[in-house]
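**Student:** Test case, fold it:
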Amino acid sequence: MPTSQKVERVAELKDRIEGSAALLLTEYRGLTVSEISELRRSLSETDTSFAVIKNTLMALAAADAGIEHLDEMLSGPSAVAFVHGDPVAAAKKLKAASKLYPALILKGGYMDGAVFGADQANALAELESREVMLSKIAGLLKGEMSRAAAMLVQLQSQFVGLLEAYKDTVPGDAEAEAEAPEAPEAPEAEAEPAADEPETPTDTPEEE
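**Tutor:** The predicted model follows:
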């Protein structure tokens with residue numbers, strides 16, 4: 001492959017690596033073209049693309065993307081699953097495909113900044129998918145909300161009962177109110193006679 005094409009291919013792989021949520025590495029020795037096509041179709045249901053890639057190019061792209069030790073798993077005919085969706089769902093698809101096609105071997109992968117081997121990749125396939133986990137969490141939350149609502153209804157019922165009991169212990173208004181004595185009227189203040197106003201002179205001096 002010419003150098004310019006090799007550089008472009010490595011740059012393209014680097015972009016695919018950085019745009020993926022996880023990578024799953026497989027060995028596909030012995031798989032037919034039709035089997036690989038069927039595997040691609042199955043993985044596309046989990047938003048995952050599956051590509052047969054030369055080990056040297058993948059190793060260079062991984063190094064450019066800052067991933068160490070991935071090249072240790074790049075031996076033999078390799079194909080990489082670029083996972084954009086749920087890594088657990090993609091691992092389950094590959095694990096199921098390996099039972100149909102024994103030639104397909106899950107070698108390891110990369111996720112969350114860490115490279116992992118075949119054991120961890122197979123363990124990933126045994127986990128519950130994101131949809132199942134979210135469904136279980138929603139079920140737990142729904143159960144907690146139902147219990148909380150029932151508790152609120154019970155507390156409200158107890159509060160109403162306490163109010164009713166308290167009303168029964170309080171005497172009625174007619175018995176509780178005592179007649180208040182009338183307040184004596186205040187004596188009216190006697191009006192004082194107005195003082196004689198001084199007579200104002202009618203004559204004013206003329207201005208000089």
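**Student:** Name the helix or strand of this structure that has the lowest mean pLDDT.
**Tutor:** The weakest-scoring helix or strand in the chain, judged by mean pLDDT, DSSP states H and E, is helix 173-176 (a mean of 48).
**Student:** Give me the domain ranges for the chain.
**Tutor:** Segmentation of the chain into domains, based on automatic domain parsing, reads 9-127, 129-167.
**Student:** now Gly30, nearest residue through space, not along the chain?
**Tutor:** When the adjacent residues along the chain are set aside, Gly30 lies closest to Ala103, with 3.3 Å between them (Cβ to Cβ, 6 or more residues apart in numbering). All C-beta spots, glycine's among them, are computed from the backbone N, C-alpha and C.
**Student:** so how many other residues sit close to that neighbour?
**Tutor:** Ala103 sits with 14 neighbouring residues when counted by other Cβ atoms under 10 Å.
**Student:** With Arg16 instead?
**Tutor:** The number of residues packed near Arg16 is 18, by other Cβ under 10 Å.
**Student:** Now do the host helix or strand of it: everything it contacts.
**Tutor:** Taking DSSP states H and E as the definition, one finds Arg16 inside helix 3-18. Outside helix 3-18, the residues within contact range by Cβ atoms under 8 Å, 6 or more residues apart in numbering are 1, 23, 49, 53, 57-58, 60-62, 64-65, 67, 82.
**Student:** By mean pLDDT, show me the worst of the domains of the chain.
**Tutor:** Ranked by mean pLDDT, the domains of the chain bottom out at domain 129-167, which scores a mean of 62.
**Student:** how close does Asp47 sit to Ala59?
**Tutor:** To Ala59, Asp47 is 25 Å away according to Cβ to Cβ, to the nearest Å.
**Student:** which one of the two has more residues nearby?
**Tutor:** In terms of neighbours (other Cβ under 10 Å), Ala59 is the more surrounded of Asp47 and Ala59; the figures are 20 against 14.
**Student:** Looks like that one contacts Leu70 (just checking).
**Tutor:** Yes - with contact defined as Cβ atoms under 8 Å, Ala59 and Leu70 form a contacting pair (7.0 Å).
**Student:** Let me know how buried Phe116 is, in neighbour terms.
**Tutor:** If we define neighbours as other Cβ under 10 Å, then Phe116 has 18 of them.
**Student:** partner residues bridging it?
**Tutor:** Gly109 (DSSP bridges).
**Student:** Compute the distance between it and Ala91, please.
**Tutor:** 11 Å.
**Student:** shared neighbours of the two, which are they?
**Tutor:** 109, 124.
**Student:** residue boundaries of the strands in this protein?
**Tutor:** In the chain, strands defined by DSSP state E lie at 22-27, 48-52, 78-83, 105-111, 114-117, listed in chain order.
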